[in-house]
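Trainee: the following comprises the amino acid sequence and a computationally predicted model.
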Amino acid sequence: MPAAEPPDRAAEADLAPNELRVLVAVDAAGGFTAAAAQLGLTQSAVSHAVRACERKIGVVLFDRGRHGARPTPAGVRAVAHARRILRLLETLGAEARGAAAGSVEGPLRIAAFRSAAAHLLPAALARLTARLPGVRPEVAIVREVGRGTAGEVADGRADIGIATLGGSQAIPAGLLSGRLFEDPYALAYPSGHREPRGLPLIDWDENCGSYTREWWSAQKWLPRATITAQDDSVVLSMVAQGMGMAVAPQLSLLGAPPGLAIEDLGESRPRREIGYVTTPAMARSLAVRTFIRELRSTAPEVAHRIR
């Protein structure tokens, strides 16, 4: 790996927007040639821009090889900042143009896990677009495992994320978060089954698994999972078909398929916190501020449905 040149202190922080776009494109495309095609530039122009960024910052941002270009640890961080800066530049223009009318136009990028997207977002987005009709919501469904939706915000891919808070996976440093409602867990099993706790367990991996871990270990009746899936809706469909039982958050159980029965797990049942995460800069934007207000208005309605 080539060593980076010493940073040019006079221009160390002076990365131009076009250079930031090149960094983001190289990361997304996985190579200089593909990024050049995406940007309508020559490969040499992209290579020159990356070298200029590395010279200004003083670190190597991409490992070059036969299989393309992959970001170094420094590059991962730089690209995340580049995405966020470019998004702020877009927001600057949109907010300035709408200042006189007290409105704003353009995309609002939202990352949400499946059950939150299905049961929390529709009403909140309807209220948002009624207030700000020029806003175009773009919703990405992200599995709440690993860095989850908060990671999408930290990496600059989303303006705001609907996340589980307070679990073993900490919210990335520098993000703001807010609580919306509490989501208790329940036992789901096939309707009419007389001994649901004797059924095989069906489970799925999710970031909020940390909420159940201590409770789970104390439940002697819970066996090891015999089937695992990546999506809660798939798990519940299997349960409805009589294949086993599942311990699931009530939010996931809203709109569950026919053939499913639900048992309250009592006062000691595990719970997870549903909230939002965003960056301090985006929290000041009109679209995000308004969306948070509508989320807070919608949350009590959802919380009432899952009690």
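Mentor: Now that the structure is in, tell me what you want to look at.
Trainee: in the stretch 1-150 of the chain, where is pLDDT below threshold?
Mentor: 1-13 (pLDDT under 70).
Trainee: where exactly do the strands run in the protein?
Mentor: Assigned strands in the chain, in chain order: 62-65, 68-71, 106-112, 135-141, 160-165, 176-190, 201-204, 225-229, 246-249, 260-264, 271-278 (criterion: DSSP state E).
Trainee: could you measure from the residue nearest to the spatial centre of the chain over to residue 137?
Mentor: Centroid-nearest residue in the chain, with Cα atoms, centre = their mean: residue 149, separated by 1.6 Å. Note on residue 149: its distance to residue 137, by Cβ to Cβ, to the nearest Å, is 15 Å. Backbone N, C-alpha and C define where each C-beta goes, glycine included.
Trainee: cool, residue 262 as well?
Mentor: Counting by Cβ to Cβ - residue 262 and residue 137 are separated by 31 Å.
Trainee: hmm, back to that, can you redo the strands of the chain as TSV with mean neighbour count?
Mentor: Converted to TSV, these look like this (neighbours: other Cβ atoms under 10 Å):
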stretch	mean neighbour count
strand 62-65	16
strand 68-71	18
strand 106-112	22
strand 135-141	15
strand 160-165	26
strand 176-190	19
strand 201-204	21
strand 225-229	14
strand 246-249	24
strand 260-264	14
strand 271-278	23
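Trainee: please, where are all the helices along the chain?
Mentor: 17-29, 32-39, 43-57, 73-98, 114-119, 121-131, 148-154, 210-218, 232-240, 250-253, 280-283, 286-305 (DSSP state H).
Trainee: might one say that the residue nearest to the centre of the chain is in contact with residue 278?
Mentor: No. Using Cβ atoms under 8 Å, residue 149 is not in contact with residue 278; the gap is 10.6 Å.
Trainee: now for the two: what residues contact both?
Mentor: The overlap between the contact sets of residue 149 and residue 278 (Cβ atoms under 8 Å, 6 or more residues apart in numbering) consists of residue 161.
Trainee: ramachandran angles for residue 194?
Mentor: Backbone torsions of residue 194, given as degrees, to the nearest 10, read phi -80, psi -30.
Trainee: what of residue 142?
Mentor: Per degrees, to the nearest 10, the backbone of residue 142 is at phi -120, psi 130.
Trainee: count the residues that sit near it.
Mentor: 24 (other Cβ atoms under 10 Å).
Trainee: do I have it right that it meets residue 112?
Mentor: Yes. In terms of Cβ under 8 Å, residue 142 counts as a neighbour of residue 112; the distance is 7.0 Å.
Trainee: and for those two, which residues touch both?
Mentor: Both residue 142 and residue 112 are contacted by 149, 161, under the criterion Cβ under 8 Å, 6+ apart.
Trainee: residue 87: neighbour count?
Mentor: 20.
Trainee: that one contacts residue 159, correct?
Mentor: Yes. Using Cβ under 8 Å, residue 87 makes contact with residue 159 at a distance of 6.9 Å.
Trainee: joint contacts of the two?
Mentor: Contacts common to residue 87 and residue 159, judged by Cβ under 8 Å, 6+ apart, are 109, 282.
Trainee: residue contacts, the residue nearest to the centre of the chain?
Mentor: Neighbours of residue 149 in contact, by Cβ under 8 Å, 6+ apart: 111-113, 142, 158, 161-163, 277.
Trainee: on that earlier part again, between the strands of the chain, which gets nearest to residue 238?
Mentor: For these, the distance to residue 238 is smallest for strand 201-204, at 5.3 Å, taking Cβ to Cβ.
Trainee: so residue 272 bridges to which residues?
Mentor: Under DSSP bridges, the beta-bridge partners of residue 272 are residue 183.
Trainee: mind checking how far it is from residue 179?
Mentor: Taken as Cβ to Cβ, the span from residue 272 to residue 179 is 11 Å.
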